[in-house]
Every structure is written in structure tokens, then in C-alpha cells.
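Q: Structure of the sequence below:
(chains A and B)
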Amino acid sequence: MNDMTVVDNTVETQRTKIAAQNVNVYYGESHAIKDVNVEIEDKTVTAFIGPSGCGKSTFLRCLNRMNDTIDICRVTGDILLEGEDIYDKRVDPVQLRAQVGMVFQKPNPFPKSIYDNVAYGPRIHGLARNKAELDEIVEKSLRRGAIWDEVKDRLQSPGTGLSGGQQQRLCIARAVATEPEVLLMDEPCSALDPIATAQVEELIDELRENYSVVIVTHSMQQAARVSQKTAFFHLGNLVEFGPTGQIFTNPEDPRTESYITGRIG
Amino acid sequence: MPTIWLVLVLIALSVAGFFLGRNRALVSANGNPKDLHSLPSYYGHNVALSALVPALGILAVWLLLQPMLIDTRVSQMIPQDAVPEGTTLGLVMSDVRRVAEGLDIAVAQGAMTPEQARNVRTEFSDVRGRLGEVGVALGADVRPEVMRAAQTYRSMSNTGTTLMTIVVALVAIGGFAWSYGRTHKDFRARNVVEQGIMALLIIAASLAILTTIGIVLSMLFETRNFFTLHPWTDFFFGGTWAPNFRGDSELSILPLLWGTFYVSLIALLVAVPLGLFAAIYLSEYASSATRSFAKPLLEILAGIPTIVYGLFALLTVGPALVRFFGRGEDGILGVEWMTGATSVLTAGLVMGIMLIPFVSSLSDDIINAVPQAMRDGSLGLGATKSETVRQVVIPAALPGIVGAVLLAASRAIGETMIVVMGAGAIAKFSGNPLEAMTTITTRIVSQLTGDTDFASPETLVAFALGLTLFVLTLGLNVLALYIVRKYREQYD
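A: The predicted model follows:
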């Protein structure tokens, strides 16, 4: 566990980007998230950790209203993005999702060319006025996704033909292309090998310069490596939330300590 | 002894075999089932199946082959000059069979002794009258050679049946004895029964395949007969369909093919958009409650017999179209474009309705097979539902949807009842959908109904039409399955 001691990530306090207040989520009868309060800061990587089924992914999906696509899911409480309630009736979930991008557990490139994958979001939201601008957005996004050099000569070949790690970086580039303010990542490395994981982790660290990143992960080393803030979920409760270094070296709650030392989970 | 008794005896033997075999196995293990290799019932089944299955198989083959063999043998007895002008050997043989049957009935009713039936000569006795008394009416006096052939036929089938009974009984008893003798506590009855069941399943599968091959072969032979009577150039490249009975029919498939394609095209124009949109609604938009009643409701359409669709075309859709496009001043549009209820449009519209559930349920399955991750990815980028469907789900599902459309097209091409009732009977090339036209299937029906003479090209053309249709739909199905399968591999 040498990794956990290298938390030298800066913990300067940033502006609050997303504030969740008393959030409860129900799947039909079951109560998946219980009274969660959390403040996610701008230009910071926030990691959600916890055992399987603790609700961390569910909570992440609340942040861009992806849970709306599940019929039986019900959310109460307030989630404020830049001070505005995203569950307000006037908010269009479609616009919200352009602001709060998402990268999924399994790389899911569309069955289109690499170029069209990245251009998908900008085209939908009309971000480019002409082909040249679109080309520019695609190139910029692929560079941000740290995959430009690998694919620049084959932008028209299908995105599904890339390797797993490349696919995931393509998906990150695709999410970045819509110029989101927040990037949600649901276990982005769980389907990747260690080398691809390292590449994606490096990328996450770079993304911090421009975005607020929230990452759900099962790997505590990964949380320690990439995040500045860590939230520990257990059985639907947010047990502890604080600077990553503190959570891993000096947790306040005995449950957090049990989890990171491997006694529960 | 009638065959049914033989079968009943076989079944009784096999049931007895079950209990005897089971008992013997238990006895060999001193009544303790745990000492047996297999469950006691496996030993019973082994004896029952060994007694029944081979015997039944031989019985079935025998029943198929015996009439064929006897027919060939007896038909050799009939001299060439005994076949009257204008008839065939086949007709004389059916006379022979009828007389033989009559003699059987006469003996059974006591009007003749078996001795008389064997020896009666038409030269000395009014056989026609005597058979008439027992209810077997013959068209003409029985000629001596027919009588002799009938008597041979009768004696041969009697010998054959007796022989068959003996052979089948021996095989059954042999199978019974052999497997009963092998029944012992160490005998691996379970494995043997398992193999027996596999053999049964293989036989069932091969019967289905052999039947298909048989159908194709019979069509091939009749088609070859047709092409010996009629030039194939006219069939494939002629321009007119005009069968008559003077012997100078023009039998070209092209006008029929045109009608078939035209009706199918209209049907697909109706079915593909409606079916596809219904599938998209059901799989992407509908709540599970809506889906759970709307989908079965839509699939009811697939269960309606096509004759009912035909009635709907003839009595509802056709007259409605005439109200729109016909009747001159009295019509809704005030035009005189359509005269009768039967037209390409009538049949096409109704066939399109019939095809909706095909397209929709196949497309629904295919759309559901597109991984949820694709939709999540698109929705997560801020796409709306319809943008996701249009730009991600449909392109991903497209090969499968094309396959579904091709399957629907092959249904449309082979559909019969709706076009018989809705499309009309006039074979012609025309682009006007309000005119009556005819299709391949309709012509097959009309060439084969009523009085048919299987030696004339006007009848035999039905087989050539059928074979062409078969090749067309088979090609479409193979193409569709290939496309669907290729698509499946993408996500597995």
C-alpha cells in the first residue's frame, strides 16, 4: 500500500461546483441513497469509493439525471449545479447532460468512425458553425483525451476497432468535446489493463485543469493516486468525505478505516 | 389381421416389456435399487423401446414399399395393347386396385367365398354385377386381363401383409428377448436409453429435412416435365400470360412476376414505416406497462388467418378505395380511375397491414439487442431520445432491420390468399396501382383448381411457377438470415 502514502495532491480549496443536499434515491421500494450531503469542488478530482452496491454509482448518475431513464427510480432532495437546482422542472435534462458529461464503466464507442464519435456531441448541440470548426473541436478533444497521436491518421476508421484503453480514451474525448463543466466517470478503468489504466489516470489528472471530475472507483489505490477529495459510501450512506490524504491516512469513522484496510467490502 | 391390431399388440408387448424389464433388474439386485447401475425405470424403458421402435420402423417402411413393389410387378402383367386409346397405364392400374378392393369387400361380406374370389373369371361370370351388389360400383365391365391382374394384386398383397405381420412380430419379440436377456444390475441401461432417445430425435430432424428435399425434388421433376412441353424461353422471356386449352398458350412468368413485385412493394411501403416506428415506440419510449399490453395486441395481427385479411381486402378496403378513386361524379375525389374493388393497391395495403407485426416484432428484438451502453453514451452527451434513436440505435440495428424487412418481403412474395381475393386476375404490365393485376401465387391456385390434366403445360406451369417462387423466397431468406447473423456477431 505504498501508493497511499504518495498523496501529495494539492488540497487548496476551490469554488463549489455541485452541492448535494439531503439527497435520497429510491428504486421502487428500496432506499438506495440515504440523506447524502456533499460539495464537489471545481477543478478538483473527487473520488467516490465504497463496497459494491453502496450506491456510489447511483449517486453519480443523479448528478446528470441519468437516473431519469430508469422508470422506477425516484430522487428527492436538492442537487445544485452552480447554485441552480438540476431537478427543477425548468431544467432540461438534455442540456444538463451537455454541461455534465459522463464516461461509463465499459468503453462504449458508437458504431461510427472515430471522427463521428467525437463530433457527435458538437453536432447535436450545434457547437460548430462549419466543417473547419468541427475539425478543430475534434482535434482539440482528441488531444485532451491523449489519443490524438494514435488515431490522427485513421480518423475515418471505426471507433469500435480500437483497443479497450484507446476506446475509453476516445469516450473521454467524446465527452470532453461538448465542453462540459463537470465530468462524471463511472469506474472508467475497470475494463482496462494496467497500462491503459495508467494512461487514463494520467489523463484524469490533466483534465483537472479545466474540469471538475468525479470518479467512482473500486480501486483504493486509484482513488489515492488521482483524487484530491474522497467520499466513502457504505450501504447508501455517505460515511465520510474529506481530503484524500486524510481519508486514507487518518479516517475519522471506524467504517472508513475498516474499508480501506480491507476488513469490510 | 388389420395393421391396427398389429400396432396394438406391439404397444401391449412394449408396456409388458417395461414392467418385466424393470422387475428383472430389481430382482438381479435383490430388490435393492441402489445396487443398480441406472434407475429401475431405465431398464424398463430399454426393454420397451427395443421391442417397439425397430418393429414400428420396419412396419412403416414395409407399408410404404409394399404397394410400390406390387404395383410394378402387377403392371408388368398388363400387355401394352390392353391399355385403351386415350388412357394411360396408371388409369388401368387404378381399375385393377379397385377390382381387388371390391373382391376383398365381397369376401368380407360373404358374397363370395375366398375360393371364388381367387378363381372367378369374367368370361364366365358377371363380376361387375356381383361387385355392384356389395356396393362397389365399376365404370365398365371388367376385362379379363384386368381381372387377372386384380387377382394377382390381391394375392400378392395378402401374402405381403401376412409376411409383414410375421416379420414385424419376430423383430418385436427378438428386440424384447435380446434386451430382456441383457437386463442385469450391471447393465448400463441409462446410457443405452440416452442413445435411443438421441436416435429418435435425429430421426425426427432428418424426416423434416427429407420432406423439404422431397418437395423440392417433386417440383423439379414436374418443372422438367413442363419444360419438355413448353419452351423455356417463352416462360422466362415471353411477355404474355394467356393460358388456353387449344394448345397454343403463352405462359410467361414476367407479367406475374411484375404483379408480385408491385403488390409486395406497396405492402412493404405500408409495413416497413409503420412496423419500424411501432417497434421504436415499443422498445424505446413505451413504459413497461404500455409495452406489456401493446406488444401482444400488435402480435394478434400476426395470428389472423390470411383468408380473413382477404375478406377485409375484398369487402372493406377495396370498396373504400373505389369510393375515393372511382364512381366518377359520385366518388369522393370525383374521378373515374378505379372501377373494381380488386387492385394492386387493395391487396398491397392489406398485405402491408398483415406484415406490420412481422417487421415490428423482429425489429423490436433487434433494437433491444443494441446494448444499453450505446444509449447511455448518447444520452450522457446530452442527446435527446429521438436523436439517440436516429443517430445511434437505428444505425447500430440497421443490418438487423434490413434482415427483418427482407424476411417480410419474402412473406409478401409468397402470400396467396390476400392476392387471390384482393389483387384480381388479369396478368399485365402496368404501373397503375389502381388496376387489377395478378401474381404468381394467384396463378398457381387458378391453374391447379378445378379439372386438371397433369399432362398439359397449362397445369404443369404451376410447378415451374412454384419452383421460381421457392427459389426467390429461399434466396431472400438466406440473404436475410446472413445479414441478421452477421449483425448478431457484432455485439456478442
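
Q: Quick check: buried residues in stretch B:311-327?
A: Applying a neighbour-count criterion of 16 or more other Cβ atoms under 10 Å in any protein chain shown, one finds B:311-314, B:317-318, B:321-322, B:324-327 buried in stretch B:311-327. Placement of C-beta: from N, CA and C, glycine included.

Q: where's that stretch relative to the chain centroid, distance-wise?
A: Remark: stretch B:311-327 is offset 33 Å from the chain centroid, using Cα atoms, centre = their mean, to the nearest Å.

Q: which outside residues touch it?
A: Residues outside stretch B:311-327 that contact it (Cβ atoms under 8 Å, 6 or more residues apart in numbering or on different chains): B:331-333, B:335-343, B:345-347, B:349-350, B:418, B:421-422, B:434.

Q: just to revisit the earlier point, which of the buried residues of stretch B:311-327 fall within helices?
A: B:311-312, B:318, B:321-322, B:324-325 (DSSP state H).

Q: which one of those residues is nearest B:Ala137?
A: Among these, B:Leu311 lies closest to B:Ala137 (Cβ to Cβ), at 39.6 Å.

Q: how far away is the closest one from B:Thr113?
A: 58 Å (Cβ to Cβ, to the nearest Å).

Q: Can you give me every residue that contacts the residue nearest to B:Leu476 when sequence neighbours are not counted?
A: Sequence neighbours aside, B:Ser410 is the residue nearest to B:Leu476 in space, at 3.9 Å (criterion: Cβ to Cβ, 6 or more residues apart in numbering or on different chains). B:Ser410 sits next to B:472-473, B:476-477, B:480 when contact means Cβ under 8 Å, 6+ apart.

Q: Quickly list what the residue nearest to A:Asn67 when sequence neighbours are not counted is bridged to.
A: Once flanking residues are discounted, A:Asn67 sits nearest to A:Cys73: 4.4 Å by Cβ to Cβ, 6+ apart. Note on A:Cys73: beta-bridge partners A:Tyr27, judged by DSSP bridges.

Q: what about A:Glu150, which helix or strand?
A: helix A:148-151 (DSSP states H and E).

Q: Next, the buried residues of that helix.
A: A:148, A:150-151.

Q: burial of B:Ala111, as a residue count?
A: 17 (other Cβ atoms under 10 Å in any protein chain shown).

Q: quick one, what contacts the spatially closest residue to it that is not a sequence neighbour?
A: Counting by Cβ to Cβ, 6+ apart, B:Val134 is the residue found nearest to B:Ala111 once chain neighbours are left out, at 4.9 Å. Going by Cβ under 8 Å, 6+ apart, B:Val134 touches B:102, B:105-106, B:109, B:111.

Q: List only buried entries from the residues you listed.
A: Members of these classed as buried by 16+ other Cβ under 10 Å are B:102, B:106, B:111.

Q: can you give me the end-to-end distance of stretch B:307-321?
A: 20 Å (Cα to Cα, to the nearest Å).

Q: circling back to that earlier point, switch the buried residues of stretch B:311-327 over to CSV; also include pLDDT and distance to B:Ser283.
A: Listed next are those as CSV, based on pLDDT from 0 to 100; distance: Cβ to Cβ, whole Å:
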residue, pLDDT, distance to B:Ser283
B:Leu311, 92, 32
B:Phe312, 91, 28
B:Ala313, 91, 30
B:Leu314, 89, 35
B:Val317, 90, 29
B:Gly318, 89, 34
B:Leu321, 89, 33
B:Val322, 87, 38
B:Phe324, 84, 34
B:Phe325, 85, 37
B:Gly326, 77, 40
B:Arg327, 75, 43
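
Q: out of the contacts of B:Val134, which are inside helices?
A: B:102, B:105-106, B:109.

Q: wait, does the following helix or strand past the helix holding A:Glu150 contact chain B?
A: As assigned by DSSP H and E, the chain's next helix or strand after helix A:148-151 is helix A:164-176. Yes: contact of helix A:164-176 with chain B (Cβ under 8 Å from any Cβ of the partner chain) involves A:171, A:174-175.

Q: Chain B contacts on chain A?
A: Counting by Cβ under 8 Å from any Cβ, chain A sits next to chain B at A:64, A:66, A:69, A:71, A:94-99, A:101-102, A:104, A:106, A:108-112, A:120-121, A:124-125, A:171, A:174-175, A:178.

Q: just the buried members of these?
A: A:64, A:66, A:94, A:96-99, A:101-102, A:104, A:106, A:108-112, A:120-121, A:124-125, A:171, A:174-175, A:178.

Q: So which of those residues sit within strands?
A: A:101-102 (DSSP state E).
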